[in-house]
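>>> My questions concern the predicted model and sequence given below.
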Amino acid sequence: TYPTSAPEFDDRLAALAAMLGAGLPISCAALEAPGTYDTHSDEGSTLSTNLQQTVDGVLAFQRDLEARGIADRVLIQLWSEFGRRPADNGSGTDHGAAGVAFLVGTRASGVMVGEFPGLANLDVNENLVNTSDYRAMYCSLLEQWFQTEADLVIPGAAAFARPALLKA
């Protein structure tokens, strides 16, 4: 059962699960999460509502895949193209560095890549300090999930460590 708080998102997830369940050879799909995450004001209520709708939909999607017996075919990546500054601007936070990504699925290793840098050691622009490079994650996804040489897609891929994103 999918939630009804973000019907467009939830309906798209349900449709994607049905297509995968029907055996369509989908190797990559992208969906935009509900709401907006570019919250500079009223961040406490807006962001928490949007995150909850996203998590509820993704959980229903994962459970749907498991019920269909196809969960091992799907790896979900949740990410934001920007981070947030830790300092409050009066009613929210401004764009910052050190964004976050999550992998969800029965084959995801469940390990943290990088580490929380802490709030005491910010960069010169008052941003969190990056502790891993997103290109390393993409190199790992290309090689470990898509069985594709990362250097064919990502310039300078040889310079990036390959975190183990999938269970052995």
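On my side now, so go ahead.

>>> CA atoms for contacts and neighbours, from now on please.
Will do.

>>> Please list the residues outside the longest strand along the chain that contact it.
Secondary structure assigned by DSSP state E gives strand 83-88 as the longest strand of the chain. For strand 83-88, the external contacting residues (C-alpha atoms under 8 Å, 6 or more residues apart in numbering) are 93-100, 119, 126-128.

>>> Tell me the strands beside the helix or strand just after that strand, with direction?
As assigned by DSSP states H and E, the chain's next helix or strand after strand 83-88 is strand 93-96. Sheet pairing of strand 93-96 (DSSP bridges) gives strand 83-88 (antiparallel).

>>> Give the buried residues for the longest strand of the chain.
Within strand 83-88, the residues scored as buried using 16 or more other C-alpha atoms under 10 Å are 83-86.

>>> Nearest to S45, out of those residues: which one, please.
R84 (15.9 Å; C-alpha to C-alpha).

>>> what's near enough to touch the closest residue to that closest one other than its chain neighbours?
Nearest in space to R84, with sequence neighbours left out and distances taken as C-alpha to C-alpha, 6 or more residues apart in numbering, is G96 at 4.3 Å. Applying C-alpha under 8 Å, 6+ apart to G96 gives the contacts 82-85, 127-128.

>>> Run through the bridge partners of the residue nearest the centre of the chain.
The chain has L78 as the residue nearest its centroid, 1.5 Å off, counting by C-alpha atoms, centre = their mean. Here L78 shows beta-bridge partners F102, assigned using DSSP bridges.

>>> quick one: it and G110, what's the gap?
Distance, L78 to G110, using C-alpha to C-alpha, to the nearest Å: 13 Å.

>>> Can you work out which residues contact both of those two?
Counting by C-alpha under 8 Å, 6+ apart, the residues touching both L78 and G110 are 103-104.

>>> hey, where'd the strands end up in the protein?
76-79, 83-88, 93-96, 101-104.

>>> got JSON lines for those, with mean pLDDT too?
Converted to JSON lines, those look like this (pLDDT from 0 to 100):
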{"stretch": "strand 76-79", "mean pLDDT": "94"}
{"stretch": "strand 83-88", "mean pLDDT": "85"}
{"stretch": "strand 93-96", "mean pLDDT": "84"}
{"stretch": "strand 101-104", "mean pLDDT": "94"}
